[in-house]
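> Sequence and predicted structure below; questions after.
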There are 2 protein chains.
Amino acid sequence: MSLSQSIQPDDDVLVVRPGKWTLIIVTLLRAETLRFSEIKRHAGGISQKMLTTTLRDLERDGFVTRKIFATIPPRVDYELTQLGQELLELADSWRVFAARNRVQVEAARRQFDAAGGEPVIRFIRPA
Amino acid sequence: MSLSQSIQPDDDVLVVRPGKWTLIIVTLLRAETLRFSEIKRHAGGISQKMLTTTLRDLERDGFVTRKIFATIPPRVDYELTQLGQELLELADSWRVFAARNRVQVEAARRQFDAAGGEPVIRFIRPA
DNA sequence: CCGCATCCATTTTGATACTG
DNA sequence: CAGTATCAAAATGGATGCGG
């Protein structure tokens, strides 16, 4: 049955985190361990709260490790785990897909909006 | 530079975010054209409003076509476009990833919660 | 420097009722 | 049956101040 191959609502792992920051952060950590402040600087306008929350969720799910250095001032390093590397591949798939199809999607949007949101195909009289 | 390979906040095409309902619906349409009510029945608890909204967004972006039959009662068929098929492949990547790693992620969560949210690694006196 | 707590604005989602 | 409208509820995002 085809439905067995459909995603189900309770597939919690799928919704890694319904926010725009998760994949951004994962891709930032692709090559190197980064400090909290470094991620914040590169992530482009994320608030401290959202960064903390997102990183904590990623840690909780086993995608990143957190290393705390009890120095003054404090220092916290984040790094992808093996599982995190796999999530990174997924994020990359999305990134590549977006790059490849952005123009086409934007064209489709313009056409749809220009048509006033009317469907492309409309049958008037089929029994 | 590694940052050029990071996802940026303004990557609008990423607007098709791994959101809950979007990928569910796309995977439901993998093999066949489905009516509105059929999707609703199989999607598992989606509200009529969310289904309408999600489908309209998918149509606007060019991922599905909408065929309206002006019969009584009305009938509307949804089908993946070529671009939608590519999105389906992406959705499948997520589905497979979730299926493969669900157990591991759930274990990580339990461990994290059991430890009271403490990080796995903590250095007390470095430098 | 890191990040938690609190308060508040915005966004998203759901429940319900109604229309063609 | 498909879709809209309205209202209520929940999740999310940001700002600020405090603490280790």
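Looks like it came in fine.
> what number of residues lie near the closest residue to A:Ser6 other than its chain neighbours?
The shortest distance from A:Ser6 to any non-neighbouring residue, by CB to CB, 6 or more residues apart in numbering or on different chains, is to B:Thr27 (4.2 Å). Using the backbone N, CA and C atoms, a C-beta is placed for each residue, glycine as well. By other CB atoms under 10 Å in any protein chain shown, 22 other residues sit near B:Thr27.
> A:Arg110 too?
The local packing of A:Arg110 (other CB under 10 Å) involves 11 other residues.
> The residue nearest the centre of chain A: which element?
When CA atoms, centre = their mean is applied to chain A, the residue found nearest the centroid is A:Leu23 (2.9 Å). Per DSSP states H and E, A:Leu23 falls inside helix A:21-28.
> Just to be sure, A:Thr71 is in a strand?
No - using DSSP: H, G, I helix; E, B strand; the rest coil, the assignment for A:Thr71 is coil, not a strand.
> give me phi/psi at A:Ile7?
phi -70, psi 140 (degrees, to the nearest 10).
> separation between it and B:Gln48?
20 Å (CB to CB, to the nearest Å).
> returning to what we had before: close to DNA strand D, is the helix holding A:Leu23?
Yes - judged by CB under 7 Å from any atom of the strand, helix A:21-28 comes into contact with DNA strand D through A:Trp21.
> quick one: that helix near DNA strand C?
No - under the criterion of CB under 7 Å from any atom of the strand, helix A:21-28 makes no contact with DNA strand C; the nearest approach is 11.8 Å.
> The helix or strand just after that helix pairs with which strands?
Once helix A:21-28 ends, the next helix or strand along the chain (criterion: DSSP H and E) is strand A:34-35. Applying DSSP bridges, strand A:34-35 is found paired with strand A:75-80 (antiparallel).
> Is DNA strand C within reach of the partner strand?
Yes - using CB under 7 Å from any atom of the strand, strand A:75-80 reaches DNA strand C at A:Arg75, A:Val76.
> follow-up on the earlier one: residues in contact with the residue nearest to A:Ser6?
Contacts for B:Thr27 (CB atoms under 8 Å, 6 or more residues apart in numbering or on different chains) come out as A:Gln5, A:Ser6, A:Ile7, B:Leu88, B:Ala91, B:Asp92, B:Arg95.
> burial measure for the residue nearest to A:Val16 when sequence neighbours are not counted, as a count.
Among residues not flanking A:Val16 along the chain, A:Thr22 sits closest, at 5.4 Å (CB to CB, 6+ apart). Residues lying near A:Thr22 (other CB under 10 Å) number 23.
> pretty sure A:Thr22 contacts A:Ala43?
No - A:Thr22 is not in contact with A:Ala43 according to CB atoms under 8 Å; the separation is 10.9 Å.
> Return only those of the contacts of B:Thr27 found close to DNA strand D.
Within those, nothing lies near DNA strand D by CB under 7 Å from any atom of the strand.
> near DNA strand D, which residues of chain A show up?
By CB under 7 Å from any atom of the strand, the residues of chain A that approach DNA strand D are A:17-21, A:45-50, A:53, A:73-74.
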